[in-house]
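# Make a model of this:
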Amino acid sequence: MDVTVKAPNNNICATISLPASKSISNRVAILNALSPAPQPLYNLSDSDDTAVMLDALRTDRETVDLRAAGTAMRFLTAYFASRPGCRTLTGTDRMRNRPVRILVDALRTLGAEVDYLEKEGCPPLKITGRGLSGGEVTLDAGVSSQYISALLMIAPATRHGIRLHLTGTLVSEPYLRLTIALMRQFGIAVEEEGQTFTVRSQTVRPIPFTVEADWSAASYWYEIAALSQTPVEMELPGLLPDSLQGDATIASLFRSFGVYTDFTSEGRVRLTRRAVTLPGRFDYDCVRIPDMAQTLAVTCAVLRIPFRLSGLQSLRIKETDRLTALQTELRKLGVMLTERDGKVLEWDGSRCEAEPEPVIATYDDHRMAMAFAPVALCRKEGIRIANPEVVSKSYPCFWDDLQTAGFQTNS
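Predicted structure coming up:
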């Protein structure tokens, strides 16, 4: 099924109730489960990813289907390796081709018993949990910060703690910072010395926790504000100015596109768009916020701003190969991107003939759907998005919220 998205007939003036942060929800779910007396968790994300995580933590089934939830696969592989019992973790076809060897090798160094059931280096995984001894392990920091977060969070449950040495350039550092900050809120002492992290064996302090709204989800409303051809005034409740979420950077980045952020005393973000001179070129290193690459690329392309986005090496192992997906789908709109070294996407303004009735493929990737939906604002006939249900991975009410803002969405 496809959905056709058309721009509002009037100015965009709406209050949007964003989903809770998926990144925070998934981390506090693990930390809470590791505590001796789990406490209530409030305002958890209603995303598919978090639902899968919670189900896996609660179930006594030996085989757990994590579907397309990459975060759950990484975090739960470490979690179940640290707990007694046997679990088999599997997922979608794409999941069964997403690499986990770096994490599995590290866990084996710490005493885990993890076996590949099909393709070497990929799920499904059979985990025979007997508890972990812990110890020292070295990890390549340039692949996925989720491997690092997974190991740090289960370190208190090991017999001797973990001393983790990172090599190379750290990708998605804000997500690691988020993990460490949340661990400290749960009473876990984390020692840092350069790129070495030490977490000793200790008790996780049980605390009730309320999850803030999701800055990643907010990014699509920033894109909408930037692309709108009529005045915009939107309110996004629940976003914190001092958020631990790395994607909060989007608020400062989008000032370049005329989108301004005001934090109200009621705990809301008020978005407005002002007339500005758009940049002649937009260059940004996305290594800290790779999930924003699609939002930034589509925004620049539609506004006809040449750009260079670097630090994209982790996009190959996301829900889809996002580098290739962006090139393919933007070409349908007449935009010819260039990829360099598997970590850079550039656009020098070169164009080709656009498809007359493009249908944007989403590749089972929620962020492809949400990043391209705002293109409707710049096309009289709107934009068609294939498989719109993929947004349930992180933002199940996205299409409903578009309607709240005045967009028309027709299947």
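# what sits against the residue lying closest to residue 52 once chain neighbours are set aside?
Using C-beta to C-beta, 6 or more residues apart in numbering and skipping the chain neighbours, the partner closest in space to residue 52 is residue 69 (4.5 Å). From N, CA and C alone the C-beta is placed, and that goes for glycine too. Taking C-beta atoms under 8 Å, 6 or more residues apart in numbering, we find residue 69 in contact with 48, 49, 52, 53, 91, 95, 393.
# so the third one makes contact with residue 72?
Yes. At 5.1 Å, residue 52 and residue 72 qualify as touching, with contact defined as C-beta atoms under 8 Å.
# if you count what's nearby, which of these two comes out ahead?
A count of neighbours by other C-beta atoms under 10 Å puts residue 72 above the other of residue 52 and residue 72, at 30 against 23.
# could you point out which element follows the helix or strand encompassing that one?
For residue 72, the host element (DSSP states H and E) is helix 70-81. The element immediately downstream of helix 70-81 (helix or strand, assigned by DSSP H and E) is strand 85-90.
# quick one: that next one to chain centroid distance?
Mean-position distance between strand 85-90 and its chain equals 24 Å (C-alpha atoms, centre = their mean, to the nearest Å).
# quick one on the thing from earlier: what residues are shared contacts of residue 52 and residue 72?
Contact criterion C-beta under 8 Å, 6+ apart; residues shared by residue 52 and residue 72: residue 66.
# rewinding a little: check which helices and strands the helix holding residue 72 is in contact with.
Using 3 or more C-beta pairs under 8 Å, 6 or more residues apart in numbering; DSSP states H and E, the elements in contact with helix 70-81 are helix 22-34, helix 48-58, strand 85-90, helix 101-109, strand 113-116, strand 125-129, helix 145-154.
# With pLDDT added, can I get the contacts of residue 69 in JSON lines?
Shown next, in JSON lines, are the contacts of residue 69 (pLDDT from 0 to 100):
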{"residue": "48", "pLDDT": "93"}
{"residue": "49", "pLDDT": "93"}
{"residue": "52", "pLDDT": "97"}
{"residue": "53", "pLDDT": "97"}
{"residue": "91", "pLDDT": "98"}
{"residue": "95", "pLDDT": "95"}
{"residue": "393", "pLDDT": "93"}
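# Cross-check the contact I'm expecting between residue 78 and residue 103.
Yes. Contact criterion C-beta under 8 Å: residue 78 and residue 103 qualify, at 6.9 Å.
# Quick check: neighbours shared by those two?
Common contacts of residue 78 and residue 103 (C-beta under 8 Å, 6+ apart): 150, 151.
# Buried ones from the contacts of residue 69, can you make that a ChimeraX selection?
For the buried members of the contacts of residue 69, the matching ChimeraX selection, counting by 16 or more other C-beta atoms under 10 Å, is:
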select :48,49,52,53,91,95,393
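# which of the contacts of residue 69 sit farthest apart?
Pairwise distances across the contacts of residue 69 (C-beta to C-beta) peak at 13.9 Å, for the pair 53 and 95.
# all strands for the stretch 301-411 of the chain, in order.
Remark: strands assigned in the stretch 301-411 of the chain by DSSP state E, counting those that start in this stretch are 307-310, 338-340, 344-347, 359-360, 383-386, 408-410.
# how far does the fourth one sit from the chain's center?
Here the centre of mass of C-alpha atoms in strand 359-360, compared against the chain's by C-alpha atoms, centre = their mean, lies 22 Å away.
# quick revisit: with distance to residue 241 as added columns, please give the helices and strands packed on helix 70-81 in JSON lines.
Output for the helices and strands packed on helix 70-81, formatted as JSON lines (distance: least, C-beta to C-beta, whole Å):
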{"stretch": "helix 22-34", "distance to residue 241": "16"}
{"stretch": "helix 48-58", "distance to residue 241": "24"}
{"stretch": "strand 85-90", "distance to residue 241": "37"}
{"stretch": "helix 101-109", "distance to residue 241": "34"}
{"stretch": "strand 113-116", "distance to residue 241": "41"}
{"stretch": "strand 125-129", "distance to residue 241": "40"}
{"stretch": "helix 145-154", "distance to residue 241": "23"}
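# Quick test: name the residue nearest the centre of this structure.
residue 291 (5.4 Å; C-alpha atoms, centre = their mean).
# Got the phi and psi for the residue lying closest to it once chain neighbours are set aside?
Computed as C-beta to C-beta, 6+ apart, the closest residue to residue 291 that is not its neighbour in sequence is residue 216, at 5.8 Å. The phi/psi pair for residue 216 (degrees, to the nearest 10) reads phi -60, psi -40.
# Residue 287: what's it in contact with?
Residues near residue 287 by C-beta under 8 Å, 6+ apart: 169, 171, 172, 173, 310, 311, 312, 313.
# Then residue 163?
135, 136, 137, 196, 197, 198.
# Quick check: bridge partners of it?
Note on residue 163: beta-bridge partners residue 136, residue 198, judged by DSSP bridges.
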